[in-house]
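A.B. asks: Need coordinates for the below:
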Amino acid sequence: MGQIQALRGTRDILADEIGYWQQIEAIASDRLAKAGYAEIRTPIFEQTELFERGIGEATDVVGKEMYTFSDRGDRSITLRPEGTAGVVRAYIQNKLQAAGGVQRLWYAGPMFRYERPQAGRQRQFHQIGVEVLGSDDPRADVETIAIAHDILQRLGLQNLHLDLNSVGDLEDRQRYRQALVDYLSPYRADLDPDSQDRLTRNPLRILDSKDRRTQEIAADAPKIFEHLGDRSRQHFDRVQQLLADLGIPYQLNHRLVRGLDYYTHTAFEIISDDLGAQATVCGGGRYDGLVAELGGPSTPAVGWAMGVERLILLLQQLGGTVETSLDFYIVSRGSRAEAVALQLACQLRQHGLSAELDLSGSAFGKQFKRADRSGAKACLILGDEEVAQDRVQLKWLATGEQQAIARADLFDKIEQLRARLDR
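C.D. replies: Numbering: from 1, shown residues only. Here you go, the predicted structure:
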């Protein structure tokens, strides 16, 4: 029988990469907790109708990219292609609005879209996202952008810029949609096939086409900003002023419309200049009509999502390494020494220190090589001689300094050891 492989568009996350994932998740979790966001975890699959109604049947995501199947109850089920619709469903179903005030929520986990796999884009991909439900204040828009900016800065990422636009409210978009169709219709034959199809179904998405000829035609298309009503203009002006007050640079991109139908008013993307075609590392905006569209009360909302795989590509390009948190690597040889080494590892962990126990049973020389590669700060060495004398050899791996310590003294001096490990 042939070897079973991971499906195309999925990949294993191995030990040499997992540190990047943990670093991103830890920084995001810390910064979001400090901003008063509560974590929410929603199911990986939902009723297909949730995404058809929430994202929009005319979008590429719903029309071409969803993993949809019938379960044994003949219900149409879809693996989530994005996080917002599921969070909004949970908000409505669990009556979170009954608590009053603004709900600040964040999530992390896998999403699924049937796309052509490439660097930074997989069919199973991972996002970290935030949703703020219950505020139409422009400060909510800017707070979410500022938090994303903070997370990316703390990750040490470089060569990023913020693209900003307003897609207005429903009335603004209807006016703009007609103006866009009127402009593009004479060029229909020159548009790429996808854009020809979008001209009647979702013409705003034509502005996001990657086809060169379509981009040339769209360059002179009417701008949505020219069709915004007074309220939308005031909201967008306030967003820009608040960003300037915070010192967060941005550039207006009148062709930025995002790919999902639920967006209103503010739309934004944080883009890397180092990622080629798949350049967006964070994208989001306001979606004031989505909660009502999914059967809940009229609720303004804003949010964003970050692509974890793309963040990792950027971190790897920076050439940095993720620091290990391992304090001790424990080497032992001989039946009595191996049993004591296990006890020692458990005792160190109970004292809040990290310890990896070598389980190979191989010669000391091979175990020492693994200790050097482990990234541990210190190595504890036990042979039957050390057990007979009730002691352990402590070696500091960075300097090679080594000393014999009585096992009882090791834990009496635990705070001294902790201070040196923390240097």
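A.B. asks: Please make it C-alpha for all contacts and neighbour counts, starting now.
C.D. replies: Fine.
A.B. asks: lowest average confidence, helix or strand, in the chain?
C.D. replies: For the chain, counting by mean pLDDT, DSSP states H and E, helix 60 ranks last in confidence among helices and strands (a mean of 72).
A.B. asks: Determine the set of other helices and strands touching that one.
C.D. replies: Helix 60 is packed against no helix or strand, with contacts defined by 3 or more Cα pairs under 8 Å, 6 or more residues apart in numbering; DSSP states H and E.
A.B. asks: what residues go with each domain of this protein?
C.D. replies: The record assigns the chain these domain ranges, following automatic domain parsing: 15-169+229-317, 328-421.
A.B. asks: Deepest-packed of these, please.
C.D. replies: Mean neighbours per residue, mean count of other Cα atoms under 10 Å, is largest over these for domain 15-169+229-317, with a mean of 18.
A.B. asks: how far out from the middle of the chain is that domain?
C.D. replies: 9 Å (Cα atoms, centre = their mean, to the nearest Å).
A.B. asks: go on, stretch 399-410?
C.D. replies: Centroid displacement of stretch 399-410 relative to its chain, using Cα atoms, centre = their mean, is 43 Å.
A.B. asks: average pLDDT for that stretch?
C.D. replies: Across stretch 399-410, the average pLDDT comes to 91.
A.B. asks: Distance to residue 7 added to the domains of the chain, as JSON lines?
C.D. replies: Shown next, in JSON lines, are these (distance: least, Cα to Cα, whole Å):
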{"stretch": "domain 15-169+229-317", "distance to residue 7": "9"}
{"stretch": "domain 328-421", "distance to residue 7": "31"}
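A.B. asks: CA atoms of the helix or strand following the least confident helix or strand of the chain as CSV?
C.D. replies: Once the chain leaves helix 60, the next helix or strand it forms, by DSSP states H and E, is strand 67-70. The C-alpha coordinates for strand 67-70 follow below in CSV (Å, rounded to 0.1, in the frame of the first residue of the first chain):
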residue,chain,number,x,y,z
TYR,A,67,-15.9,23.3,1.7
THR,A,68,-19.5,22.3,1.8
PHE,A,69,-21.0,18.8,2.3
SER,A,70,-24.2,17.1,3.4
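A.B. asks: Just checking: what are the partner strands of the next helix or strand after strand 67-70?
C.D. replies: Of the helices and strands lying after strand 67-70 in sequence (DSSP H and E), the nearest is strand 76-79. Here strand 76-79 has these sheet partners by DSSP bridges: strand 45-47 (antiparallel), strand 67-70 (antiparallel).
A.B. asks: Touching the very next helix or strand once past strand 76-79 from outside, list them.
C.D. replies: As assigned by DSSP H and E, the chain's next helix or strand after strand 76-79 is helix 84-93. In this structure, residues lying in contact with helix 84-93 by Cα atoms under 8 Å, 6 or more residues apart in numbering are 40, 42-43, 46, 50-51, 54-55, 80, 97, 131, 290-291, 294-296, 303.
A.B. asks: Return the subset of those residues lying in strands.
C.D. replies: The strands, defined by DSSP state E, take in 46, 131, 303 from those.
A.B. asks: and the second one, how far is that from residue 284?
C.D. replies: For residue 131, the distance to residue 284 equals 10 Å [Cα to Cα, to the nearest Å].
A.B. asks: intersection of neighbour lists for those two?
C.D. replies: In contact with both residue 131 and residue 284: 302, 303, 304, using Cα under 8 Å, 6+ apart.
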